[in-house]
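Next input, structure requested:
(one chain, ligands or ions: 3)
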Amino acid sequence: MAEKIKDAKIIFVVGGPGSGKGTQCEKVVAKYGYTHLSSGDLLRAEVASGSERGKQLQAIMQKGELVPLDTVLDMIKDAMIAKADVSKGYLIDGYPREVKQGEEFEKKIGAPSLLLYIDAKSETMVSRLMKRGETSGRADDNEETIKKRLDLYYKATEPVIAFYEGRGIVRKINSELAVDDVFAEVSKAIDALK
Ligand SMILES: Nc1ncnc2c1ncn2[C@@H]1O[C@H](COP(=O)(O)OP(=O)(O)O)[C@@H](O)[C@H]1O
Ligand SMILES: Nc1ncnc2c1ncn2[C@H]1C[C@H](O)[C@@H](COP(=O)(O)OP(=O)(O)O)O1
Ligand SMILES: [Mg+2]
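Ligands and ions are numbered 1, 2, ... in the order given. Below you'll find the model as predicted:
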């Protein structure tokens, strides 16, 4: 079932909330033509559909918690299969959020070639998210939820980076720099794949 996507490169994009994952992914799409799949965007699309499942997801996301693993993995897998004929590579943004998510992804879909670790200080992430919150309309871009998302990031998601470091596929990107300078580092990591 994951046959069709087995020749495409898979890149995990991991970093704290507001670190700049989405910003960098957009630039990768423009330069390399990869398919960008953000777990958060997929979930927000389900919320926007007004479905019963969307209502349950909304409540979880508003609290800054993680939605059930199966829900998000199924969404990513369906989206990957839908693009399989045209995609030479996938940017999986915001996933895995915990080691278990990485393990399940590999069982059901395939192994990543690269993990881009988008790294910024927690003060930087908070100030970017507060600014984004002025216009994003996101229910989780508020001071209280941002704090919970950061705590969960350090507790659950940072171990993902250590897990893949053991495999030698992690490239740490300094996301404190200006967007284009961050992207220069991202580009180097992707170019090294070929
Ligand atoms: N390198 C950067 N320098 C300054 N601001 C940035 C940088 N990268 C992202 N931002 C801003 O920070 C906010 C969060 O970025 P976003 O890409 O949505 O992060 P994430 O997807 O990791 O939550 C956005 O408002 C974005 O414009
Ligand atoms: N892989 C995943 N597993 C569980 N929940 C997830 C998830 N990806 C996203 N979510 C849920 C919980 C997050 O707090 C919320 C927003 O995610 P996001 O858009 O990726 O945030 P950000 O880009 O600011 O890091 O959606
Ligand atoms: Mg994002």
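
what about the strands in this protein?
With DSSP state E, the ranges of strands along the chain come out as 9-15, 35-38, 89-93, 114-119, 170-174.

If I look at the residue of the chain most remote from its centre, what pLDDT would I see?
Relative to the mean C-alpha coordinate of the chain, counting by Cα atoms, centre = their mean, the farthest residue is residue 52 (24.4 Å). With respect to pLDDT, residue 52 has a value of 96.

circling back to that earlier point, can you list the strands of the chain in TSV and add mean pLDDT?
What follows is these, written out as TSV (pLDDT from 0 to 100):
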stretch	mean pLDDT
strand 9-15	97
strand 35-38	98
strand 89-93	97
strand 114-119	98
strand 170-174	98
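
Any idea which of these gets closest to residue 153?
Ranking the strands of the chain by proximity to residue 153 (Cβ to Cβ) places strand 9-15 first, at 8.3 Å. All C-beta spots, glycine's among them, are computed from the backbone N, C-alpha and C.

For the closest one, list every residue counted as buried.
With burial defined by 16 or more other Cβ atoms under 10 Å, the residues of strand 9-15 counted as buried are 9, 10, 11, 12, 13, 14, 15.

Give me the angle between that strand and strand 170-174.
Interaxial angle, strand 9-15 versus strand 170-174 (axes from the mean of the first three to the mean of the last three Cα atoms, to 10 degrees): 50 degrees.

Need the contact partners of strand 9-15.
Outside strand 9-15, the residues that touch it by Cβ atoms under 8 Å, 6 or more residues apart in numbering are 21, 24-25, 34, 88-96, 102, 109-120, 157, 160-161, 164, 175, 190, 193.

Give the partner strands of that strand in its sheet and their orientations.
strand 89-93 (parallel), strand 114-119 (parallel) (DSSP bridges).

centre of the chain versus the longest one, how much separation?
Going back to what we said before, that points to strand 114-119. Distance of strand 114-119 from the chain centroid (Cα atoms, centre = their mean, to the nearest Å) equals 10 Å.

Is there contact, residue-wise, from stretch 141-158 to ligand 3?
No: contact of stretch 141-158 with ligand 3 (Cβ under 5 Å from the ion) is absent, the minimum separation being 10.6 Å.
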